[in-house]
Structure formats: C-alpha cells, structure tokens
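Engineer: I would like the atomic coordinates for the input below:
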Amino acid sequence: MSPRFTAEQILQAVRVWTERYGSPPTTKDWEPSRALAAGQCWRVDRYRTGLWPSLGMVQRRFGTFNEAIRQAAAQRGAAVRVVDLIPTFTPGDRYRDSIDIDGEQTIVRESDGIHLNEEGSSVAADLVLQAIDRDFEY
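Structural biologist: Down below sits the predicted model:
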C-alpha cells in the first residue's frame, strides 16, 4: 500500500524536490509510467530515490498538479514567481496547437502536441520578461 500524503506534505515534497533537482517536479517526475512512455528513465530513477507522492495523490489533494506547484511557490513569497502560461496557450482549459500572433493563427507546439516550438517559446519568453518588468525596477 502506498503512503498517504497530506496537502502540506505534498507541498513540502515539492520544495524538497526543487531544492534537490533545481526545478519543480513535473507530472512525468511523479508518474513513472509517463516518464517510461516518454523514454525518460532517468526521471523514474529520481522518483525511486525518495518517498514522493504520486501524480494521482497530488491531483486528488489539489485538483491539478499545477495548483500544487502554485501553492508551493506562493509559500516562498517574493522569492519565487510562477508565470501562468495556461491563459495564453490553453485558454479556457482547451487544448490549442495554434494561437493568434500578430493577427495570424500560428502553430506554437511541436509535433508531440505538448512542447512549445520556437514561436511558442518566443511567446512564453515574452510573458516571462513582462512578469520580470512588473516585479523589478531597473
């Protein structure tokens, strides 16, 4: 039987993972079958090095994996920012492979349907830079 995690224990696990590996966990990190399907065995190895919640546990406690990441980041206060790309790339929680850029529908995802291509990455970078401009004075 797998251990149960409270919401606070999941948030703590996100923080520990982030400190250990330099970035927050992804759904593939906490769902080994997804990592294996993507050919990313190294993610499975990292998952097995500790006692981590599963993707399903996180989703049951927080509704979405992203919500757990947002809450863990919020507990760090001004030290961490989360730039929400969902309204731009998945408006209304509906998948889009293209979005309007300068009045033209432009494909923003790689052929895998998940990762951003060069155009999508450029849009994401602009959103991050806008967030930095809002947060910092030069």
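Engineer: residue ranges of the helices in this structure, please?
Structural biologist: When assigned using DSSP state H, the helices of the chain occupy the ranges 7-21, 32-37, 41-48, 55-62, 65-74, 86-89, 118-135.
Engineer: and S111, which of those helices is closest to it?
Structural biologist: Ranking those by their distance to S111 (criterion: C-beta to C-beta) puts helix 118-135 first, at 12.4 Å. Using the backbone N, CA and C atoms, a C-beta is placed for each residue, glycine as well.
Engineer: name the helices or strands packed onto the worst-scoring helix or strand of the chain on mean pLDDT?
Structural biologist: Least confident helix or strand, the chain: helix 86-89 with a mean of 89, by mean pLDDT, DSSP states H and E. Contacts defined by 3 or more C-beta pairs under 8 Å, 6 or more residues apart in numbering; DSSP states H and E place helix 86-89 against helix 118-135.
Engineer: okay, now N117: neighbour count?
Structural biologist: Neighbour count for N117, taken as other C-beta atoms under 10 Å: 14.
Engineer: per-residue confidence at it?
Structural biologist: What the model reports as pLDDT for N117 is 95.
Engineer: Could you pull up phi and psi at it?
Structural biologist: Main-chain torsions, N117, degrees, to the nearest 10: phi -90, psi -170.
Engineer: Quick check, it in contact with R109.
Structural biologist: Yes - N117 lies in contact with R109 (C-beta atoms under 8 Å); the separation is 6.1 Å.
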